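Enquirer: Structure, please.
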Amino acid sequence: MADLLTRRSFLVAVPVLCAAPTLLGTGRAADAAAPQTDAYPAGGDPFPAQDPARVRAIVGASHGNLTRVQELLSESPALANAGWDWGFGDWETPIGAASHVGNREIAALLLDHGARPDLFTFAMLGHLEAVQACVAACPGIQRTTGPHGLTLLHHARKGGPAARGVVAFLESLGDADPVPVPTPLEPADLVACAGLYEMERRGGGRLEISAKEGTLFFKRLPDGASRSLVHLGSRAFHPVGARAVRISFTPAGPVAATLRVVDGPETTSARRLPG
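Expert: Numbers count the residues shown, from 1 in each chain. Next up is the predicted model:
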């Protein structure tokens with residue numbers, strides 16, 4: 001792994017990485033290789049895209065199940081660069097999962113299989129010069145958050161003793177740990193919002209709003225990921241890792257009758273079910 005992340009090769013690559021979107025957008029070869037449509041395959045068949053179940057499996061396993069990651073990579077090495085959306089655009093790759101929990105062994109395995117490291121990976125692995133080069137090349141990038149809204153400083157702290165230099169550097173910047181401070185929720189708000197809701201959209205479907213230790217959680221039934229909600233005040237929230245999304249409950253009072261999710265141009269409403 002050390003051979004993949006030499007100081008010289010990374011410092012040469014940083015300016016190119018920062019400029020990559022512009023360069024790729026102007027190259028004929030890149031234009032020719034780019035997908036020509038944003039439509040999904042008909043009938044729910046993902047072919048030739050990767051099987052969503054396997055993508056979710058490797059991203060989930062990369063948080064700590066080394067044996068399962070080894071199994072999945074032996075069957076399909078390309079899964080090293082898979083990505084899973086846990087909801088509202090909270091994308092996570094296998095190496096992103098390993099990085100935010102500080103699992104160096106899984107990160108090394110993924111790198112050996114061609115995973116693409118990013119700034120968060122370098123912070124967790126303790127590559128101080130790489131992190132410094134990124135910050136110098138892209139001022140303010142230390143404020144960018146990773147999967148689930150976890151900060152760059154969080155990733156460095158998960159790196160343990162090997163990342164102490166990165167932690168000290170990021171702390172010296174003063175803004176590498178932008179954690180939102182939620183507005184406290186009253187017990188009455190927890191009771192008013194928690195419950196089951198039927199979505200008013202094609203195909204229907206239910207949402208579960210649950211309360212635990214003073215926090216509300218959002219989940220699409222039956223098998224969606226549970227997302228904690230950050231309270232912004234007046235029963236308006238954003239899901240963790242998706243600060244631009246808004247979830248609101250109305251009306252004010254002992255029981256909320258409806259919830260509304262606004263995610264860019266898409267709005268979804270749901271009505272509370274009795275019981």
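Enquirer: By mean pLDDT, point me to the weakest helix or strand of the protein.
Expert: Counting by mean pLDDT, DSSP states H and E, the weakest-scoring helix or strand in the chain turns out to be helix 28-33, with a mean of 37.
Enquirer: Quick check, residue 195 in contact with residue 272.
Expert: Yes - applying C-beta atoms under 8 Å as the test, residue 195 and residue 272 come out as touching, 5.4 Å apart. Where C-beta positions appear, they are placed from N, C-alpha and C, glycine not excepted.
Enquirer: shared neighbours of these two, anything?
Expert: Counting by C-beta atoms under 8 Å, 6 or more residues apart in numbering, the common neighbours of residue 195 and residue 272 are residue 256.
Enquirer: Which neighbouring elements make contact with the strand or helix carrying residue 268?
Expert: Assigned by DSSP states H and E, residue 268 belongs to strand 266-272. Here strand 266-272 touches strand 195-199, strand 258-263, going by 3 or more C-beta pairs under 8 Å, 6 or more residues apart in numbering; DSSP states H and E.
Enquirer: in stretch 51-58, what counts as buried?
Expert: Within stretch 51-58, the residues scored as buried using 16 or more other C-beta atoms under 10 Å are 55-58.
Enquirer: what separates the closest residue to residue 144 other than its chain neighbours from residue 135, distance-wise?
Expert: Spatial nearest neighbour of residue 144, excluding adjacent residues (C-beta to C-beta, 6 or more residues apart in numbering): residue 152 at 6.9 Å. When C-beta to C-beta, to the nearest Å is the yardstick, residue 152 and residue 135 sit 9 Å from each other.
Enquirer: Also residue 217?
Expert: In this structure, residue 217 and residue 135 are separated by 34 Å, where distance is defined by C-beta to C-beta.
Enquirer: what's the answer for residue 213, then?
Expert: 35 Å.
Enquirer: more neighbours, these two?
Expert: The neighbour comparison of residue 213 against residue 135 (other C-beta atoms under 10 Å) goes to residue 135, with 19 against 5.
Enquirer: which residues in the stretch 101-250 of the chain form strands?
Expert: According to DSSP state E, counting those that start in this stretch, the stretch 101-250 of the chain carries its strands in the segments 195-199, 206-212, 215-220, 227-233, 236-239, 246-250.
Enquirer: Need the winner for burial among the ones you listed.
Expert: Of the strands of the stretch 101-250 of the chain, the one with the most neighbours on average (mean count of other C-beta atoms under 10 Å) is strand 236-239, at a mean of 22.
Enquirer: what residue ranges in this structure are flagged as low confidence?
Expert: Applying pLDDT under 70 to the predicted model, the residue ranges of the chain that meet it are 1-43.
Enquirer: Now do residue 50: how many residues are near it, please.
Expert: Each residue near residue 50 was counted by other C-beta under 10 Å, and the total is 16.
Enquirer: Now it: closest residue in space that isn't a chain neighbour?
Expert: What sits nearest to residue 50 in space, not counting adjacent residues and going by C-beta to C-beta, 6+ apart, is residue 82, at 5.8 Å.
Enquirer: List the residues that contact that neighbour.
Expert: Applying C-beta under 8 Å, 6+ apart, we find residue 82 in contact with 50, 54-55, 58-59, 93-94.
Enquirer: tally of neighbours for the closest residue in space to residue 146 that isn't next to it in sequence?
Expert: Leaving out its chain neighbours, the residue that sits closest to residue 146 by C-beta to C-beta, 6+ apart is residue 120, at 4.5 Å. Around residue 120 there are 25 other residues, counting by other C-beta under 10 Å.
Enquirer: Is it correct that residue 120 is in contact with residue 152?
Expert: Yes - taking C-beta under 8 Å as the contact criterion, residue 120 and residue 152 are neighbours in contact, 6.4 Å apart.
Enquirer: Show me whatever sits in contact with both of the two.
Expert: Shared between the contact lists of residue 120 and residue 152 (criterion: C-beta under 8 Å, 6+ apart) are residues residue 146.
Enquirer: For residue 239, see how far away the closest residue to residue 275 other than its chain neighbours is.
Expert: Beyond its immediate neighbours in the sequence, the residue positioned closest to residue 275 (C-beta to C-beta, 6+ apart) is residue 196, lying 7.4 Å away. Counting by C-beta to C-beta, the separation of residue 196 from residue 239 is 18 Å.
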